[in-house]
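[1] take a look and give me a structure for this.
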Amino acid sequence: MAREPFLLLALAALTGASLWLARGPEHSADATTVSDATATSVEQAAPRGAPTAVTGEIAAPEAAAPAPADVDHSHQLELPDGSFVDALNGATNPKPIAEFWGTQIPWSPIVGVESNDKGVAWYRHENGSYSTTETLWDSAGKRFVTLTRVAHQGPAAPEIAARR
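    Below you'll find the model as predicted:
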C-alpha cells in the first residue's frame, strides 16, 4: 500500500519523459523555456492522435509512410501495412498490432480515438474493433511492461430463457 504513491509518481514521470522525448529536435532546450512550456495549453501540448480533454474523441490519426530502419519508433505502433501511428497512453516500444489482431478478422483501418471511463485511450477501427497500447507496472515481475491489446466484437450472446 505504501508503494502506490511511489508508483503513481514514477508513472507520471515516465509519461512526462516520453512526451518530452517525443517533442523532437525543434523543441531543444535553448529554444524553449520553462515559462513557455507552462503557458502551452493542454490541447496544444497533446501529441497528434491523442484524445481531446473535452470529448475524448478525435479524427483518425494519419498513418505515416514506412520509414527507414534508423528512425526511432519507440513511441509508435506498427500497423500491418508497415506504417506507424502514435502509441497511446504513453506506451514505449509496443509490439506490432499484427501480432495481436489475429487471422480470423481482416485488418480494419483506424477511424478515431476514444477514452474509457478510466482514462485509457483506445483506437476505434472501422469494423468496430478497438486497440490500445499501455505501459503498466507488473508487481509480480517488479518491472514495467508494455501491452498492445486488441478487442474484437464477438457474436451476440444467446438469449436466456426466463426462469419461472
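[2] tell me which stretches of the protein form strands.
    58-59, 76-78, 84-86, 110-115, 121-125, 130-138, 143-151 (DSSP state E).
[3] for the spatially closest residue to residue 91 that is not a sequence neighbour, grab the count of nearby residues.
    Counting by CB to CB, 6 or more residues apart in numbering, residue 91 lies nearest to residue 133, which is 3.6 Å off, once chain neighbours are set aside. Every C-beta, even on glycine, is put in place using the N, C-alpha and C of the backbone. By the criterion of other CB atoms under 10 Å, residue 133 has 27 neighbours.
[4] just checking, residue 133 touches residue 94?
    Yes. With contacts counted by CB atoms under 8 Å, residue 133 reaches residue 94, the gap being 4.1 Å.
[5] list residues touching both of these two?
    Taking CB atoms under 8 Å, 6 or more residues apart in numbering as the contact rule, residue 133 and residue 94 both touch 77, 87, 146, 147, 148.
[6] most neighbours among the residues you listed, which one is it?
    Among these, residue 87 has the most neighbours (other CB under 10 Å), with 27 neighbours.
[7] give the contact list for that one.
    75, 76, 77, 94, 133.
[8] residue 76 versus that one, what's the distance?
    6 Å (CB to CB, to the nearest Å).
[9] who touches both of those two?
    residue 94.
[10] sorry, back to before: closest one to residue 140 out of the shared contacts of residue 133 and residue 94, please.
    Proximity of the shared contacts of residue 133 and residue 94 to residue 140 (CB to CB) peaks at residue 147, which lies at 14.6 Å.
[11] I figured that closest one hits residue 137, correct?
    No. Residue 147 lies out of contact with residue 137 (CB under 8 Å); the separation is 11.5 Å.
[12] would you list the contacts of residue 87 in CSV and tack on distance to residue 101?
    Shown next, in CSV, are the contacts of residue 87 (distance: CB to CB, whole Å):
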residue, distance to residue 101
75, 20
76, 17
77, 12
94, 13
133, 13
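[13] and the residues you listed, which is closest to residue 141?
    residue 94 (17.7 Å).
[14] around that closest one, how many other residues sit close by?
    26.
[15] hang on, it packs against residue 146?
    Yes. The pair residue 94 / residue 146 is scored as a contact, 5.3 Å apart, by CB under 8 Å.
[16] who touches both of the two?
    In terms of CB under 8 Å, 6+ apart, residue 94 and residue 146 are both contacted by the residues residue 133.
[17] perfect, I'm done here.
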